[in-house]
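Chemist: A structural model of the following input is requested.
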Amino acid sequence: MKLVCKVKVKNALGLHTRPAAAIVRLLQPRKSSVFFTYKEETINARSIMSILMLAAKKNSQITVTIEGEDAETTMNQLVRAFEQEFGEK
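Modeler: The predicted structure is shown next:
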């Protein structure tokens with residue numbers, strides 16, 4: 001199964017270290033492959049360094065692509081995490 005969804009970075013500081021670490025933690029138990037695409041660059045979302053190198057600022061649109069058996073659950077959790085600003089509200 002392959003899912004694609006656009007998410008908006010709502011964090012005031014963008015995708016900095018804390019949300020990046022939260023993303024990597026969230027994906028650890030998941031089996032699916034997860035990729036983020038921002039400004040023509042696609043990265044593996046399991047890598048904290050890759051997420052930080054995207055340098056996605058507040059209000060950036062990121063395309064999330066997830067492939068694998070638990071893609072739906074993974075996408076739901078990821079979208080919710082972005083909407084809740086990774087607990088930074």
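Chemist: Would you mind listing where the protein has pLDDT under the threshold?
Modeler: Along the chain, no part satisfies pLDDT under 70.
Chemist: where along it do the strands fall?
Modeler: Taking DSSP state E as the criterion, the chain carries its strands at 2-8, 33-38, 41-44, 61-67.
Chemist: what would these look like in CSV with distance to residue 85?
Modeler: The C-beta positions use only the backbone N, C-alpha and C, and glycine is treated the same way. Below are those laid out as CSV (distance: least, CB to CB, whole Å):
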stretch, distance to residue 85
strand 2-8, 10
strand 33-38, 16
strand 41-44, 20
strand 61-67, 14
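Chemist: Turn these into a markdown table, including distance to residue 25 and mean neighbour count.
Modeler: Output for these, formatted as a markdown table (distance: least, CB to CB, whole Å; neighbours: other CB atoms under 10 Å):
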| stretch | distance to residue 25 | mean neighbour count |
| --- | --- | --- |
| strand 2-8 | 17 | 13 |
| strand 33-38 | 13 | 18 |
| strand 41-44 | 15 | 14 |
| strand 61-67 | 16 | 17 |
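Chemist: Tell me which of those sits nearest to residue 84.
Modeler: strand 2-8 (11.6 Å; CB to CB).
Chemist: Which secondary structure elements does the closest one sit against?
Modeler: Where contact means 3 or more CB pairs under 8 Å, 6 or more residues apart in numbering; DSSP states H and E, strand 2-8 is packed against strand 61-67, helix 71-83.
Chemist: I'd like the ones you listed as TSV, with distance to residue 3 appended.
Modeler: Formatted as TSV, these follow (distance: least, CB to CB, whole Å):
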stretch	distance to residue 3
strand 61-67	5
helix 71-83	5
